[in-house]
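A.B. asks: I would like the atomic coordinates for the input below:
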Amino acid sequence: MNSTLEAVHLTKRYNGHTALNDLNLSLKGGDIFCLLGQNGAGKTTTINLFLGFIAATEGKALINGIEVKPGSTNTREFIAYIPEVVQLYGNLNGLENLDFFSRLAGFKYSSAELEHFLSTSGLQKEAHKRKLSTYSKGMRQKVGIAIALAKKAGVILMDEPTSGLDPRASAEFTAICKQLAAEGKIIFMATHDIFNAVEVGAVIGIMKQGSLVHTVSTGNITANELQQLYLETI
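C.D. replies: Here you go, the predicted model:
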């Protein structure tokens, strides 16, 4: 299946406050979309609507043409979510965490298959059987990616995934995202990291006060130009 992610006049209001205003977006397999904006701009609200954590006030969030609705499991199998801090069990090792979350998603893998997912995500083999309590943030993110791979998710939603990563870990994360996109997955990333967005994203959106005010191709803009546009926008 060729994955798709769409927002059709997607709007969310809370007690008269518009958190997301008339978002229209269409992504297909292989796309990497980075959404920039200040805190409160609507980035996390957008992700929460696609995850079905909250209900839209107007419009639709669609995954593979299926409308996302709170309480429905119709789209859950198609998506994976990697938050700023990946919630894993510190008393379990990488393999055990991956096995646990894979089983929750309805998949049972051999140890060799689990090792393959972790290696593909960029986690060094020596760390596979170390407790998560000893992992850096970058290593935890890689386990999150391995879980997404094990779920066979075609759409991967990320919220500030490079926050707190050192330059090397950020570069490794970028390379993994590009590889996932090359395999046909959709990457939708909310971020503050302008320079990483230019490096990893194919298309970048800038959001202000709930509205998507700019959409630019990274092939047509430098990091410095994007930073200037961002500062002028916010």
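
A.B. asks: Contact partners for Pro70?
C.D. replies: Applying CB atoms under 8 Å, 6 or more residues apart in numbering to Pro70 gives the contacts Gly52, Phe53, Ile54, Ala55. The C-beta positions use only the backbone N, C-alpha and C, and glycine is treated the same way.

A.B. asks: Also Ile63?
C.D. replies: Per CB under 8 Å, 6+ apart, neighbours of Ile63: Ser3, Thr4, Leu5, Phe50, Thr75, Phe78, Ile79, Val155.

A.B. asks: Tell me the pLDDT of the residue lying closest to Glu115 once chain neighbours are set aside.
C.D. replies: Spatial nearest neighbour of Glu115, chain neighbours left out: His128 (6.0 Å); criterion: CB to CB, 6 or more residues apart in numbering. For His128, the pLDDT comes out at 97.

A.B. asks: Show the contacting residues for His128.
C.D. replies: Asn93, Gly94, Leu95, Glu115, Leu118.

A.B. asks: In helices, which of those residues appear?
C.D. replies: Of the contacts of His128, the ones assigned to helices by DSSP state H are Gly94, Leu95, Glu115, Leu118.

A.B. asks: Assign a three-state SS to Ala61, would you?
C.D. replies: What DSSP: H, G, I helix; E, B strand; the rest coil gives for Ala61 is strand.

A.B. asks: residue contacts, it?
C.D. replies: Ala61 is in contact with Glu6, Ala7, Leu10, Leu49, Phe50, Gly52, Glu67, Val68, counting by CB under 8 Å, 6+ apart.

A.B. asks: what about 7 Å?
C.D. replies: Counting by CB atoms under 7 Å, 6 or more residues apart in numbering, Ala61 touches Ala7, Leu10, Leu49, Phe50, Val68.

A.B. asks: now these in CSV, with pLDDT and neighbour count?
C.D. replies: Putting the contacts of Ala61 into CSV (pLDDT from 0 to 100; neighbours: other CB atoms under 10 Å) gives the following:
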residue, pLDDT, neighbour count
Ala7, 98, 23
Leu10, 98, 25
Leu49, 97, 26
Phe50, 97, 22
Val68, 96, 24
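
A.B. asks: Restricted to helices, list the residues you listed.
C.D. replies: Those of the contacts of Ala61 lying in helices (DSSP H): Leu49, Phe50.

A.B. asks: out of the contacts of Ala61, which one sits closest to Leu212?
C.D. replies: Ala7 (9.0 Å; CB to CB).

A.B. asks: who's the closest one bridged to?
C.D. replies: Beta-bridge pairing for Ala7 (DSSP bridges): Leu25, Ala61.

A.B. asks: Thanks a lot, catch you later.
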